[in-house]
Every structure is written in structure tokens, then in C-alpha cells.
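*Asks:* Give me a 3D structure for the following:
(2 chains)
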Amino acid sequence: MRQLFGAGLTLWLVGVGVAAAQDPGVPNDPAPAQAEGEDGADLVGLGLDPVTRGVFVEAARHEARGSWARAASAYSLVLGREPTYAPAVLGLARARERQGDRRAAEATLRTLPMDADAVEALAALLVEERPAESVSLYRTLGTLRLGDPAPLLFEAEAALRARDVGGSVAALDRYLTFDGASRSPDRVVELMVGLAAAYKDAGDREAAKMWLRRAIEQAPDGALAEEARARLDRVLVEEAADSLALGGAEELDPTLTAALDLARRALAEGDPQGAARRLEELASVAPRSPEIWGALGEARLALNDVAGAEQALMTAVALQPDEANWRVSLGRLIALEYAGRRHREAIEELSVALTLRPSWTELRYHLGVLHQESGEGVEALRALEEYLRVAPEGVYAEAARLAITRLTRPRPEAPSVERLSAVPPDGVPPEAWRRYRLAQVYLRDRQDDARALAEIDAALALDPDYTDAINLLARLQLRAGQHDEALATYERSLTMNPNQPQTLLSVGYALQAEGQVAKAAARFREAARVGAPEAWYALAALAEQDGRWMEARELLAEYFARAAGGRDHEAALALRASLERRLRATVGLITGAAGIVLGVPLLILRRRRSGLTLDALLLQHPECYEEVTAALTAMRHEVIKHNTTVLKTVADALDAGDPGPAQEALGRLVAPDGAVARWESSLRALEALGAGLGLRLNLRHLDPALAPMCRAFDALRRQARRARSGRASAAELRRISDALNGEGYRALGRLIREANVRTLDEETLRAAWERVRAEPAFHALAQRGQALPHLTIHTDGMHLPVRASAQELDDIIVNLLRNNLQATLAERGDDARLGLILEEELDPVTGLEEVAMRFCDNARSVLTDEMIQGRYIARGFGIVVERVRRRRGSVRVEPAAAPYNKAIVVRLPRAEREDNP
Amino acid sequence: MTQVLIVEDGQEYSALFQRYLTEGFSFTRAGDGPEALLLLQTRAFAVIFLDMRFDRAEPSRLLGDLAATTARFTGDEAQARRHLEDHQGVYILAALREAGVSVPVVMSYDFDGEPRRFKHLESRYAPLSYLTDDAGPAEIRAALGRAGGGCSAGGESPLSPRRPHARRPEVSARRRGSEARPRPATRRALTRPPPRGPHEAASSALGAARRR
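*Replies:* Below is the predicted model:
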């Protein structure tokens, strides 16, 4: 074996030697020379033989370059000769760890159990995965490095990770009594904050407060002091909230429940101010209701009152500490609103919530993300893998897999660019090339312009035509503020090689900085010609500054045709947006001016002929149904009923020669609070509704139901004016009456009854089921061989019209089918049974008919009406309940006949459209 | 003189009728179902003019079981209350018939658009007719005259026997084309518990109102 090693080493050295002989630059390479110079004394001191020493130097060099595999191989060779040589053991362990092989790294380090550096490295390696073992190693380290307090601090940190709070405190106390223990104040503070969190988790709030106060005292101006103060404040608020919760959460009576519901509706309808006001009042009436505080938290957050929202949610948590919802709301608020500064607390809240409700699978994913964002790779990986285990097809499954891939991706070895460029450019003497590279290092890494200039002068003395060196000289001159010299140097470089896009760009920018715009533009054009996309942007920017916006737009188009990213991309995007805005405004101004002169009548005509009808609004936005029908019902009941219905009677009186009733009735109708004003008010409400959705409704001229009524109201106003002088026309009043009370009234009724009526039948239900089956999660399951259950649909051939839009029906059916399928597959696997039964039902008292859809399954998990009423978040019932409620329907859980266990029953009002075509 | 009881939550019909139907009619107003029932116990009316929506009535005066309706609407009490308001006319009608009042009722509602529903209600609560909201004074006069024609001198005494009217057998839930098929045990009428007789729902509604 030893012989084999010797032969291998010899061959390897021969290889290195050959490579070195072929590469004249290598012996003079400053990096290896430096490594050799620095390490040489150590190597000699440890008595390595010259050959092994050479290999060790190579290993160090590979490691410095990030060539882990080569470094590991070379370190192994060294250890073959000197198995206890600690620097090589450490180097090999480092290389293996960077290769992703932690086990091999561990085994390597264990070969030196009594070497302080190896023990320290091993303890650090194990601290995340096996913190208890790491504690033991740090204790060993303490004995190996007597007099050094650092191992005590490391031990305290590791013990905390191992959840040995007592051990951690003991080690930290010993560390703090040590001389020189104040060398790592930040680490000490971080550890103290961690101890406080641990004590808080354990319910010992007093100890938590003590450690947080010690942390603040330790480094009142340190980076972590702010976090410690925030945590201390949090503990104090929680204490206050606890004292509020002494009597426990209180349940709300029906009146308060209704008031809470009203406030929630206000919030859902975009009135957080109103909602918050109502909730504040409710909180003063029922201060121990977690529901009220939870809703208040949401309302305050909507008002951007983050602190207030957090306090409200903390109160909800304190009042009902065993309810996961409040903790999740609080955790998410902390995670989202503090830019990652309080992720630790967010993680704590979500972790407790998960303990309280283990079935809340999504929490595992959110926890994973928070850990990941906190740099806690191991914890992130654990949470994400756990999430995928319980929800392999969950909504975040894809994201979780991606995150895991990123978390476990090994670091690639550095590409061997140095070998590719290990020969000087054509015609450049090696020494000139070396000097050029030294100049680069001085400039780039050391910002030592003087030494860089000296090196570049030396390079140019060896090769005056070396363009890279000339360009670097120009850059140095620019840095020194010697613009004229820099420009002359650049020109010299371009004379020798005119096809240098970046140099041309640099010259252009230098000229532009000097105010020589025309010359700069010329250089940019040359740069564009030789393939620098940034030059197009530079030209566009010049054109824009010069007011040539159209030209700038075209130049930007050239830029975007060639560039998808790069240093100027963001600026180019911003410039394009700015140009488009200004061009639109300009075109708008010109068009507007022309329009005023030529097109106003056409515009009016066009406006009258464009816009949307109510039908179109409801088709695009079925969620407006309730507001639209409320306005239409108001038109019917508050405008026509009791009001315009008298028109025929007053017309009869006119015919009989009595103008009095006409004057009185028409006067009432056009009075400020009369029917005409109410009509206008309802009409404006509808128009505002459309405008709020970004749509222009044309109800007055285009809508088939409302436009004729608007014309009739205009005529009514005219008749009211004529009636004052006794000139009202009975015939015209009858015509208006027919338009409003006859056709108009019926048209409004049709709109109310038939807006968004859709027919439910087997075909509709089957199509929805197919869409669910085709969803990526289920499709992927099917691809992997998991048989999806068959959905049994019973409709008895019925085609039932219901008052709901196609989108609303789709939302309801698809969501419930998806939920049933997910739950049943998860619980019953191949024995999953799903059914969907369509029925008609009649309320015998009111004569109202409903269409019932019974979504049956044989999942065993319990689902109750209360869970649905609470819009059971884990099952995503929120959207279903919202859609059904909007249409004045209901959702309930009911028993189901075998082979099913239960049915979620959705009832929606049945329309009579089939009888009223 | 035809005695007409107007049941409405506002004053609009009362004002309109007083203004335009002055000859041959005498009007009395009740603001809600309980008040109408009280009036009908002490006075005779030839016809009842009944509005449908009662969104201005005191919530505690609405007929119908709010708790059961709330349960039906997945715990949404606001929606349940709105349902009772929107259909209060029918709940009052059911309560009248349950109380033995067989006076003809003219409902103010657009049943033109809901003929199936009207057919059901007519079979259950006859004598019943309706006027749409666009009816003018002339149509209202004609409808009231038709409905109360048999007792124009005054009206039906509270003690007079009820006029029989045909009723359809109760159907709480049905499927077209499969009436013979046994229904699942869980299928029920929308009111819980299902009424056993034609007036039971109304009486339970009254009971609920009284309890309140």
C-alpha cells in the first residue's frame, strides 16, 4: 500500500512537473509563491519532507482556488505520508465538507481526537445536527486549551441548541467570569437572547425578562440590542395581555356576534376605517373576546397600523392561547412587517400553532421558508421535508421541492479559468502579462492605484502595444481625474484595435462626462456597430436628454432587441416607461386639441355608443350581483311603485279637464326628494360601481333596459315643466307611463331575476370534475400510477337553472370537488368514494325553490357546519362560502347514505327562467 | 263600502289609496303580521292587501323562525333576517291562514316572473291573487273589487266559517322524472322541522314571534 502510494505520488509529481515545464508562467505565479512563502516555515517546523511539503503546498493552492476535489486528493496524499499532520487533516476535512460529504469530513477529523484544532472543527461541524455531541467536544476543547474562555462560549451555544438550557447558562456564566470574556459581545448577546426565548418557551417569563435585560446591559448599542428590547417589550405586553385574560375568553351573544359580522363585512368591503371603529367599540363592550381582537388586528393591519394590529393579535393569543388561528395571524404579521428582523419570534408563533393544530400542513411550509430566510438551513430542510411528507401534492409542494433543491445544492468547484488563460495573449511577453495582472490585483483588490500604475508602466515598457494594459492605464487616469490624458490613452488603444466595444463605450461615457455630447454619440454608435447593446441605451439616453423622444424610443427598441439584462437594463426599462408616458401625454394633448376643434360632437356620439350595459357588467363581474340587484330593486320599489304608477290616473284627470292632479303628482315626482331624483341616484350608484371596477357603463344611452327609462324620465321632466303652466299632455303622460310602469318595470324585473342565471346539469358537473382531475397535482398523481376515484353523478337528467354566474358555479363546484378528492384520497387511498347528487327542493311555506348539490365522500375526518361557518382555512372553504352567500344560498354538512360518510350540501336559489324565456 | 286591511311596513299604499281610491272603500293599516292578526280578531274585512317586503318593520315583529333560518344560512344571521324581511308577506299570509282567516288576500308582488311559485302559494293559501308593483290606482281598484266582491257591504266576520280551498299535496323535495324513487333519508324540506300540516309552519313562525 505504501509502495502504491509512493508510485502514485511520483506519477502525480511528474504530471505537475510536466505541466509546470509547459507553462512558463506557473513558477512566477504570485499566488503559489505566496502560499509557499507563508506555509514553508510551518512545514519545515513539522518536519515534512520536501516532496510531501510540495504536495501540501499544491493542496493548499487547490483549496484556495476552490478546487475541492483536487485539494482533497492532494491532502489525502500528504496524510498518506504523514497521517497525523493536523493542517492536512483539517484541510482534507474542509475540502470534503465543501464537497458536501459531511460524514467523510467527520471521519477525517476524528483521526485526531486530542488535537485542539481538529476537535474544534469537529464540534463546529456537528453543532447543527448533533448539538449534544458538540457540547461534549467543546468541553474537551476547554481542557485542551486551558486558559482560553472561547470553548465555554461555544459550549453554551451548543448546549442551547441541544435544548440544555441549564448547561448553556452554566457555561455562559463560567465564560463571563473569565478574564477576557468580553471579546465576543455580539455572540454573548445573541446567546442571551436565545436563552430568553428558551425560557419564554418553557413558560418562565421572569427568566426570559432577566436574560433580555442582561443582553441589553451587555451591549446597549450593539446590533442585537434592538431585537432584545423588542422581545422584552413583547414579553411585557404578553404579561399585560395575560392579566387581561385571567377570566379566559368570553363567548359573544347573538347581538354582539351580529355586530362583529357587520364589522367584518365592512372590512371585506374595503372600509377598514369603519371596521376598526366598530371593532374598537365592540372591544370596549366585550374586552375578552378573541374574535373581536383578532378581527381588530386585521382591520388595523389594513390601515397600516402594524403596532396596533400586533397588539390586538397578541391580545387574541393571550385570550385564547390554545387557538392556532391567532398565533398564525400574529406570526405572519411579524414575519412580513419586520423585514426579517423578528423571524425568530414568527417561527415561535407558527411552531406553537403547528403544535396546536398539527393538521395545518401549510404551516410546515411557512416555517421552512422562515427558517430558510433566517439562514437556518437544517431546520428549513427539516420543515420542508416534513411538509412534503404530509402534503406531497399540497399547494406549496412545488415551491417546497425547489427550496429543498436549493438548500441541498452542493457548491460547484471553481471553473479552471486560470488554466484556460494561463497563456499570455498573442504577442504579449509573459512578463508584461504578469505585470498587467499584478496591476489588476493592486487596482481591484487593494485599491492601490500607485502600485497598479507602476506595474502597468512596467508592462507597457515591455510591450507598448499591449491594448489591455493601455485600457487599464486609461482607467487609472480616469480615477486620478486626468480626463484628457485618459481620453488620449483610450484613443491610442482604439487606434491599435478599433473593435473594442467596451473601450468605445468607456470613451463615450468619458466624453459625455466632459460635455462633448456629439463626440460621445459618435463613439456610442461605433460601440453599437461592434456589438455593445449598452451603446443603444446610451444613445437613447442622449436622444431623450435632447428632447428627441421618438428617436429615443426607437433606439431603446434597438437596445431591447439585443439585451435581456445587464447593468443598464433597469435604467433602460425606467427610461422606456418614462418615454411612453410622456409620448402618450403629448399625443393626448395633440389629439385633445384637434378633438376640441373637430371632434367634440363625434366624441359625444362615440361616448353615447360606447360603454357597457348592465348585462355585460354582471358577466364580467358577477361579484357585483348583489349591489346591482339592490340598485334595481330600489328603482322598482322606490321609484316606480307608489310613484310613477299614478301617471295614467292623472292623464285621465287631464282628459276630464282637471289639471290639478297632474300638477300635484308631477310636482311630487320631480321634487328634490322625488322619484326622478331617486332614479338618478340609483343610476349614479350603478355607474360608480362600474367606475370602481375600471369600467364605463353606458346605462343612459346603451342599456336595453335602462336607456328607454332614462328617456322617459327626461320626458317626464319636460312634462312637469309644462304642467306648471297647465300645458301637460295626457297622451305624452300615458306614453311615459307605458315606458316606465309597463316595459321598464318588466325589464327591471327580468334583469333582477335572470342576471347570471346558469343551468346546472350532468354535463356542467362532469366538465367541472374533469377540470379538477386535470389539475397538476392530481394529474401528477395519476401519472405516478395513483388511481383517481370515479365521481358518481346523479342528476336524473334534470337541467336546473340557478341564480349564479358561470364563474361562481365553477368556483363552488371545483373547490368542493377538489377538497373532497384531496381529503378522501389522503384518508382512503384506493377506497376513495365520491358522489355528486343534484336535487330540487321546495320550501312549502314560502314557495321558494332551491337547487341542492350534495358533494358526498367517504373521508373519515370530521367536518362540521361550524368549521364551514368559520371558513375552515385548511380546507379552503372561504371562497365557497363567499360565493354561496353572495347568491343567498347556504352550505351545510349533512349525513349521506352508504357508501358515503357525509355530504357537503350547497343550496342555491332556483330560477324560473325555463318558464320565462 | 268595502273594508280593506292594508298590511305594509310603510305608509305608501295607505297614502296612495286614500288619495286615489276614495269611493267605495274603507282602509285600515297594519304595520306588521302580529298587528294584522290582532286586527283580524276584532274586526271584519272584505279583503286584505298585503305587501311582500318588510325591511322597515321592527325585527322583533317579523314572523318566521330566525334561529332555524340562521342555521339554514350557515349561521349567517344577517342573511337570515334579510330573508325573513324579503319574504315576510308570505310568512304573514301563512300565519293568517293558520289562524283561520280565510279573507281573500291580494299580494303586492311581481309573481309574473315567478309563476311556479305563485301556483304553489295559490294552491296552499287561496283565495289569493296578486298585483305587480307597477299597478296604478285603476288596476288596484279593480283587483280589490274583484277580491272583495262577495262581501262589499262589510266583510267577513271573524266568526264566519272558512271558505274551503283546494290544496296540493305537500312536496318538500322532488326530482323531475323520478317521483317514485325513494329519497335519501337526509333530504328534507327547507324549513326544519318539516311542517306536518299546511298551517304548521306559520304557527311555528307565530310561536317564534311570540317567544321573541
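*Asks:* for the residue lying closest to residue A:633 once chain neighbours are set aside, phi and psi?
*Replies:* Nearest residue to residue A:633, sequence neighbours excluded (CB to CB, 6 or more residues apart in numbering or on different chains): residue A:752, at 6.3 Å. The C-beta positions use only the backbone N, C-alpha and C, and glycine is treated the same way. Main-chain dihedrals, residue A:752, degrees, to the nearest 10: phi -60, psi -50.
*Asks:* which residues touch residue A:752?
*Replies:* Counting by CB atoms under 8 Å, 6 or more residues apart in numbering or on different chains, residue A:752 touches A:629, A:632, A:633, A:636.
*Asks:* host element of the residue lying closest to the last one once chain neighbours are set aside?
*Replies:* Spatial nearest neighbour of residue A:636, chain neighbours left out: residue A:748 (5.1 Å); criterion: CB to CB, 6+ apart. Element membership for residue A:748 (DSSP states H and E) is helix A:745-754.
*Asks:* For residue A:337, which residues are in contact?
*Replies:* A:306, A:310.
*Asks:* Please report how far it lies from residue A:308.
*Replies:* Distance, residue A:337 to residue A:308, by CB to CB, to the nearest Å: 12 Å.
*Asks:* so residue A:153 makes contact with residue A:176?
*Replies:* No - contact between residue A:153 and residue A:176 fails when scored by CB atoms under 8 Å: they sit 9.1 Å apart.
*Asks:* More neighbours: which of these two?
*Replies:* residue A:153 (22 against 17; other CB atoms under 10 Å in any protein chain shown).
*Asks:* confidence score at the residue of the stretch 351-500 of chain A found nearest chain B?
*Replies:* When scored by CB to the nearest CB, the stretch 351-500 of chain A has residue A:357 as its residue closest to chain B, at 21.2 Å. pLDDT recorded at residue A:357 is 80.
*Asks:* mind saving the C-alpha coords of stretch A:147-162 as CSV?
*Replies:* Extracted C-alpha coordinates of stretch A:147-162, given in CSV (Å, rounded to 0.1, in the frame of the first residue of the first chain):
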residue,chain,number,x,y,z
GLY,A,147,-7.0,29.4,29.8
ASP,A,148,-8.9,30.1,26.7
PRO,A,149,-12.5,31.1,27.5
ALA,A,150,-13.8,30.7,23.9
PRO,A,151,-14.7,27.0,24.3
LEU,A,152,-17.0,27.9,27.1
LEU,A,153,-19.0,30.3,24.9
PHE,A,154,-19.1,27.7,22.1
GLU,A,155,-20.3,25.1,24.6
ALA,A,156,-23.0,27.4,25.9
GLU,A,157,-24.2,28.0,22.3
ALA,A,158,-24.2,24.3,21.5
ALA,A,159,-26.0,23.4,24.8
LEU,A,160,-28.7,25.9,23.9
ARG,A,161,-29.1,24.2,20.5
ALA,A,162,-29.3,20.9,22.3
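*Asks:* buried sites along that stretch?
*Replies:* For stretch A:147-162, a neighbour-count test (16 or more other CB atoms under 10 Å in any protein chain shown) marks A:149-162 as buried.
*Asks:* which of those residues lies closest to residue A:93?
*Replies:* residue A:154 (17.4 Å; CB to CB).
*Asks:* so what's residue A:505 closest to, chain neighbours aside?
*Replies:* Leaving aside its sequence neighbours, residue A:505 sits nearest to residue A:527 (CB to CB, 6+ apart; 4.8 Å).
*Asks:* that older thread, list the contacts of the residue nearest to residue A:636.
*Replies:* A:632, A:635, A:636, A:640, A:705, A:709.
*Asks:* between those residues, which is closest to residue B:102?
*Replies:* Nearest to residue B:102 among those is residue A:636, at 30.7 Å by CB to CB.
*Asks:* In contact with that closest one, which residues?
*Replies:* Residue A:636 makes contact with A:745, A:748, A:749, A:752, B:110, B:133 under the criterion CB under 8 Å, 6+ apart.
*Asks:* what bits of the chain have low per-residue confidence?
*Replies:* Since you didn't name a chain, this refers to chain A. For chain A, the stretches with pLDDT under 70 are A:1-47, A:179-184, A:240-249, A:415-422, A:595, A:598-610, A:755, A:869-876, A:913-917.
*Asks:* try chain B instead
*Replies:* Scanning chain B for pLDDT under 70 picks out B:149-212.
*Asks:* And the strands in it?
*Replies:* Using DSSP state E, the strands found in chain B span residues B:2-7, B:25-30, B:47-51, B:105-108, B:128-131, B:173-174.
*Asks:* is stretch B:101-114 up against chain A anywhere?
*Replies:* Yes - with CB under 8 Å from any CB of the partner chain as the criterion, chain A is reached by stretch B:101-114 at B:108, B:110, B:112, B:113, B:114.
*Asks:* Just grab the bridge partners of the first one for me.
*Replies:* Beta bridges link residue B:108 to residue B:51, residue B:131, judged by DSSP bridges.
*Asks:* Which one of the contacts of residue A:636 is nearest to residue A:131?
*Replies:* If you rank the contacts of residue A:636 by distance to residue A:131 using CB to CB, residue A:752 comes first, at 68.2 Å.
*Asks:* for chain A, longest helix please?
*Replies:* Taking DSSP state H as the criterion, chain A has its longest helix at helix A:569-594.
*Asks:* So which bits of the stretch 151-300 of chain A are right by chain B?
*Replies:* Applying CB under 8 Å from any CB, we find that the stretch 151-300 of chain A lies next to chain B at A:254, A:257, A:258, A:261, A:262, A:265.
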